[in-house]
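>>> here is my input; please provide its structure:
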Amino acid sequence: MKKSVSRRDFIKKSAVIAAGISIVPRYVLGRGFIAPSDKLNIAVIGAGGKGFTDLVNVWNNGASNIAAICDVDWNRASDAFEKFPNAKKFKDFRKLLDSMNDIDAVTVSTPDHTHAIIAHSAMQLRKHVYVQKPLTHNIYEARILTEAANNYKIVTQMGNQGASGQGVKTMAKWFDAGMIGKVSEVQVWTNRPVWPQGIPTPTDKPALLEGLDWDNWVGPAQWVDYHPLYHPFKWRGWWNFGTGALGDMGCHLIDPPFRVLGLGYPTEVESSVGAVYSKDWVPDYFPESCPPSSRTQLKFAASEKNPCEVKMNWTDGGLRPFHPELIPADHPIGDEDSANGVMMIGDKGIMTCGTYGKNPKLYLNSGEIITDTSDEKLIMTLPEDGHQAMWTEACKDGFGSNKHRELTSNFDFAGPLTESILMGNLAIRSYNLREKSGNGFDYPGRKKLLWDGVNMKITNFDEANQFVKREYRAGWSL
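Take a look at the predicted model:
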C-alpha cells in the first residue's frame, strides 16, 4: 500500500532536494522560528463577533497565515481588516473560494443557517474546515457534512471549545473508573435565550445598514427584509436563521454527557414550550420565532460505556432542575451561579459540571464530595486558543494522522452530537403543529416522537419530518 505523505513532510523533503531553496523548513532555521512551509494559508469566513475570536486563535500569533477575510458586513469585520491588512477582502464566500486556490483551510463563523453551505463548498475543494457550533442548522445538513469529511478526507473541528478542556477529560476518567456507576438520568439547563424570543415577526422596513450585503447574509434561508431584530446577534431567536437556546448552548452543555457516556442517536424525543399571553386564555403563537422557554427530553439506548438507557432532560429560558438530595443546599449546581449546568445521575452518585465542562464535581452516595483528583486542580487548563490550535496542527499533518484522530470535536463526533441536539429542536418546532385525525378534527401534535436515526425520520408523526431538512432559497444548494 502506498504510504501517504503529509503536506509538511512533502514540503520538507522537496526543500532538501530542490535547487535554489526558497521555502526553508523549520528544523533548518532553529527553535522558535516558524518557516513559511509550516504555515497554513487560512481563509476566514465570518469575522465579526465570535468570528474575530476564531480568527485570532487560528492565526495563533503568526503560526498561521490569514490569507483572506470574508464577511457580508464590512463594518462588523473592520477590526479584522485592521489587524490583518494584507488579507484579501471579500463579501461573497463563493468568490473567495473561486479565486484563491492557495487556501489550505477555512474557518466558518457565520450565523447557523449558512454553516453547511459554506463548509460543504470548501470541503468539496479539499479545504480543511473549522465550523462554529452548532455544526449545522438542521439534521440533514449535519449528516451531509459528517459524510463529506470522510469522503473528501478533510480535517474538521466544530467550535465547542470546552470539548478540549481538562474538565471533560476528568469526567470521562471518573466515569470510566465506575465512580458514579450506571447513569440513567441526565439534567442539562441554560439561562439562554438572552436575546428576544417568542416575539412577532417584524413588519417595518428600516434602512439597510451601510456596508451590509443583505442578500448574501440571508443566503439559503427564505427571504426576509433586513431588520435589526435579525442582524447582528438576534438572528439566534429566529428559526429561519438560528437554532434557539438549544442550538446555542447544547453543543457546550450536552457535549460532556454525550462524550462521557458514549451516546449515539436518540431513539425518541418529547418537548413542551413556554407560552406568552397578551389576552386571557389565548396564547400568542409566533412560529417564526423560537419560544421563550422550552423543556425537552431525549432518550438514548444503552451504549458500550453505559449499559442502561439514558433519559436526558434539557431546560432553557432560565429554568433549572432542583438540588438532588446528594448535593448540599448551599452548593451551586453547574456554574457558580447555577445559570447553566449538567448533572449525570448514576446509581452510585452524581457528577456535575458547568459550561464548557468546567469545575466538575462528584457527589457520591457515601457522602463524599470530590473536586480534585491526583492533586490536580480541576480547571480548564487548555488555553483559549487551544481548540483551534490543535485543529491547525492537525491540518498540517493531514487527514487520518494521529493529530487528526486526537481532535476532540471532528465531525465524526460533532455530527452525531449536532444531530441529537437538533432532534430537540425538531420536537420544539413540532409542538404546535396540527395532526389530522380520523374524525375530521385536528389536534396539536404534542406527543412523544419516535426517531429512526439511521434514516433520519420520525416514524409516528409525519408532519414533524418537515424539520429534518429545509428548502433552500432559489439559487442556493448544498
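>>> tell me where the model's unsure across this protein.
Of all residues in the chain, those with pLDDT under 70 make up the ranges 1-37, 372-385, 436-445.
>>> at the geometric centre of it, which residue do we find?
Most central residue of the chain, judged by C-alpha distance to the mean C-alpha position with C-alpha atoms, centre = their mean, is K133 at 2.1 Å.
>>> how far away is that one from R446?
Between K133 and R446 the computed distance is 29 Å (C-beta to C-beta, to the nearest Å). No exception for glycine: its C-beta is placed from N, CA and C like everyone else's.
>>> again, but for L209
Relative to R446, L209 is positioned 40 Å away (criterion: C-beta to C-beta).
>>> again, but for L478
L478 sits at a distance of 31 Å from R446 (criterion: C-beta to C-beta).
>>> same deal with T418?
With the distance defined as C-beta to C-beta, T418 ends up 25 Å from R446.
>>> the more surrounded of those two?
Set side by side, T418 and R446 show unequal neighbour counts under other C-beta atoms under 10 Å, the larger going to T418 at 33 against 16.
>>> just to be sure, that one is in a helix?
Yes: the assignment for T418 by DSSP: H, G, I helix; E, B strand; the rest coil puts it in a helix.
>>> residues contacting it?
For T418, the set of contacting residues under the criterion of C-beta atoms under 8 Å, 6 or more residues apart in numbering consists of 133-136, 142, 158, 251.
>>> and the helices in the stretch 101-250 of the chain?
For the stretch 101-250 of the chain, the helices identified by DSSP state H, counting those that start in this stretch occupy 115-124, 139-151, 166-176, 214-218, 244-253, in order along the chain.
>>> tilt between the longest one and helix 115-124?
Angular relation of helix 139-151 and helix 115-124 on a 0 to 180 degree scale: 20 degrees, by axes from the mean of the first three to the mean of the last three C-alpha atoms, to 10 degrees.
>>> tell me how the protein divides into domains.
Per the record's domain assignment (automatic domain parsing), the chain is made up of the domains 13-161+385-409, 164-382+418-467.
>>> kindly reformat those as CSV containing distance to R473.
Shown next, in CSV, are the domains of the chain (distance: least, C-beta to C-beta, whole Å):
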stretch, distance to R473
domain 13-161+385-409, 10
domain 164-382+418-467, 6
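>>> out of the ones you listed, deepest packed?
Counting by mean count of other C-beta atoms under 10 Å, domain 13-161+385-409 has the highest mean neighbour count of the domains of the chain, with a mean of 20.
>>> which parts of the stretch 251-400 of the chain are strands?
For the stretch 251-400 of the chain, the strands identified by DSSP state E, counting those that start in this stretch occupy 266-273, 276-277, 283-284, 294-300, 310-315, 341-346, 349-353, 361-364, 369-370, 372-373, 376-377, in order along the chain.
>>> which helix or strand contains the closest residue to F467 other than its chain neighbours?
Using C-beta to C-beta, 6 or more residues apart in numbering and skipping the chain neighbours, the partner closest in space to F467 is L426 (4.5 Å). Under the criterion DSSP states H and E, the helix or strand holding L426 is helix 411-430.
>>> how about the CA coordinates for that helix, as PDB?
Only the C-alpha atoms of helix 411-430 are listed here, as PDB (Å, rounded to 0.1, in the frame of the first residue of the first chain):
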ATOM      1  CA  PHE A 411     -17.200  15.800  12.500                       C
ATOM      2  CA  ASP A 412     -17.300  12.000  13.300                       C
ATOM      3  CA  PHE A 413     -18.200  13.200  16.800                       C
ATOM      4  CA  ALA A 414     -19.600  16.600  16.200                       C
ATOM      5  CA  GLY A 415     -22.000  15.400  13.500                       C
ATOM      6  CA  PRO A 416     -24.000  12.900  15.700                       C
ATOM      7  CA  LEU A 417     -23.800  15.300  18.600                       C
ATOM      8  CA  THR A 418     -25.300  18.100  16.500                       C
ATOM      9  CA  GLU A 419     -28.000  15.800  15.100                       C
ATOM     10  CA  SER A 420     -29.100  14.900  18.600                       C
ATOM     11  CA  ILE A 421     -29.300  18.500  19.700                       C
ATOM     12  CA  LEU A 422     -31.300  19.400  16.600                       C
ATOM     13  CA  MET A 423     -33.600  16.500  17.200                       C
ATOM     14  CA  GLY A 424     -34.700  18.500  20.300                       C
ATOM     15  CA  ASN A 425     -35.400  21.500  18.000                       C
ATOM     16  CA  LEU A 426     -37.500  19.300  15.700                       C
ATOM     17  CA  ALA A 427     -39.700  18.400  18.700                       C
ATOM     18  CA  ILE A 428     -39.900  22.000  19.900                       C
ATOM     19  CA  ARG A 429     -41.000  23.200  16.400                       C
ATOM     20  CA  SER A 430     -43.500  20.300  16.200                       C
END
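>>> hmm, G159 and the residue nearest to the centre of the chain touching each other?
Yes: because the distance of 5.1 Å satisfies C-beta atoms under 8 Å, K133 is recorded as touching G159.
>>> and the residue lying closest to T190 once chain neighbours are set aside, what does it touch?
Taking C-beta to C-beta, 6+ apart as the measure, T190 lies nearest to M249, with 4.3 Å between them; neighbours along the chain are not counted. Residues counted as contacts of M249 (C-beta under 8 Å, 6+ apart) are 190, 192, 316, 340, 355.
>>> export those as CSV, with columns for distance to N86.
Formatted as CSV, the contacts of M249 follow (distance: C-beta to C-beta, whole Å):
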residue, distance to N86
T190, 40
R192, 38
D316, 42
N340, 39
T355, 36
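>>> biggest separation within those residues, which pair?
With distances taken as C-beta to C-beta, the most widely separated pair in the contacts of M249 is D316 and T355, at 13.3 Å.
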